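J.: Quick one, structure for this:
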Amino acid sequence: MLKVEQLHQYYGGSHILRGLSFEAKVGEVTCLLGRNGVGKTTLLKCLMGLIAAKDGKVEWEGQRINSFKPHQRVHAGIAYVPQGREIFPRLTVEENLLMGLSRFGASEAKTVPEFIYELFPVLREMKQRRGGDLSGGQQQQLAIGRALASQPRLLILDEPTEGIQPSVIKEIGGHQKTRRARRYGHSLGRAVLRFRRRAGRPVPGDEPRRDHPAGPRRHHGSRWRARAGGNLIQDSP
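T.: Modelled structure (predicted):
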């Protein structure tokens, strides 16, 4: 389980994260909702060690990881898909996916796990094509596949549907893929932390939790949090 307690972060004189506390449990999809500029991406960079938290505690599976470097957090079972995908455009699709195996030894990092191609068949079809030649939606699938290749126990997604046309969003979140993804997620004991700008549009394939109140937020995951002005202003039951 990921546990964050009283996290603070600043940009210059601006207090971006103000005593933020929350948990992301294994087997759940935890969504963080908020407008531009409220600190969603700053938070995930703190979680990944790309930005050092000024104060507070980040705990993963019972261990404090504030001092961990990004690669150490990957080895601890955390992966994330950044906003904008950030694939390697000059590497092939297959080479991009192999980069996700960096946490494993040489003998285990020779081939792309078959389940990645089962989740995203288009990547198998284009595995010898350069990443920069793919469409936006295909690049997003590649970025998610690269993160999943490390077989993480915590997967962090930053704006996974940004800039992608609705038909591709539906393809990524299609029911068949979702069922397969949940099967692999269950076997790995994975928690998912998703960041979204707003709660107005559901993500295809996310099943609503039955005990949530009516409204669009219930489509986005098991739990949701809303942030504004650097503070956590609303939390799901």
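J.: which secondary element of the protein has the worst mean pLDDT?
T.: Comparing helices and strands within the chain by mean pLDDT, DSSP states H and E singles out helix 175-188 as the least confident, with a mean of 47.
J.: tell me the secondary structure for K3?
T.: strand (DSSP: H, G, I helix; E, B strand; the rest coil).
J.: Beta-bridge partners for it, please?
T.: With DSSP bridges applied, K3 shows beta-bridge pairing to E23, E59.
J.: pretty sure it is in contact with E23, am I right?
T.: Yes - counting by C-beta atoms under 8 Å, K3 touches E23, with 5.1 Å between them. All C-beta atoms are positioned from the backbone trio N, CA, C, and that covers glycine.
J.: which residues of this structure score low on pLDDT?
T.: Judged against pLDDT under 70, the low-scoring parts of the chain cover residues 163, 168, 171-192, 194-237.
J.: redo that, cut-off 50
T.: Across the chain, the stretches falling below the confidence threshold (pLDDT under 50) are 175-176, 179, 185-189, 198-220, 227.
J.: All the strands of it, residue numbers only.
T.: In order along the chain, the chain carries the following strands (DSSP state E): 2-11, 14-24, 29-34, 55-60, 63-64, 78-81, 154-158, 191-196, 223-228, 231-235.
J.: For these, give me a markdown table that also has distance to Q165 and mean neighbour count.
T.: Listed next are those as a markdown table, based on distance: least, C-beta to C-beta, whole Å; neighbours: other C-beta atoms under 10 Å:
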| stretch | distance to Q165 | mean neighbour count |
| --- | --- | --- |
| strand 2-11 | 32 | 17 |
| strand 14-24 | 29 | 18 |
| strand 29-34 | 22 | 24 |
| strand 55-60 | 35 | 17 |
| strand 63-64 | 41 | 10 |
| strand 78-81 | 18 | 24 |
| strand 154-158 | 18 | 23 |
| strand 191-196 | 17 | 23 |
| strand 223-228 | 25 | 19 |
| strand 231-235 | 30 | 13 |
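J.: Just tell me which of the ones you listed ends up closest to K127.
T.: With C-beta to C-beta, the closest approach to K127 among the strands of the chain belongs to strand 78-81: 18.9 Å.
J.: Would you agree Q83 is in contact with T161?
T.: No - taking C-beta under 8 Å as the contact criterion, Q83 and T161 are not neighbours in contact, 10.8 Å apart.
J.: ok, these two, which is more surrounded?
T.: Set side by side, Q83 and T161 show more neighbours around T161, with 20 against 17, by other C-beta atoms under 10 Å.
J.: just to revisit the earlier point, so which of the strands of the chain gets nearest G100?
T.: From those, taking C-beta to C-beta, the stretch that ends up closest is strand 78-81, at 7.6 Å.
J.: List of residues touching that closest one?
T.: With contact meaning C-beta atoms under 8 Å, 6 or more residues apart in numbering, strand 78-81 is reached by 44, 47-48, 60, 100, 140, 143-144, 146-148, 150, 152-158, 160.
J.: picking that back up, is it possible to get TSV of the strands of the chain that adds distance to G105?
T.: Formatted as TSV, the entries for those read as follows, by distance: least, C-beta to C-beta, whole Å:
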stretch	distance to G105
strand 2-11	26
strand 14-24	28
strand 29-34	31
strand 55-60	22
strand 63-64	22
strand 78-81	18
strand 154-158	22
strand 191-196	25
strand 223-228	35
strand 231-235	40
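J.: Looking at those strands, which is nearest to Q128?
T.: Scanning the strands of the chain with C-beta to C-beta as the criterion, the closest one proves to be strand 78-81, at 22.7 Å.
J.: Nice, that's everything, thank you.
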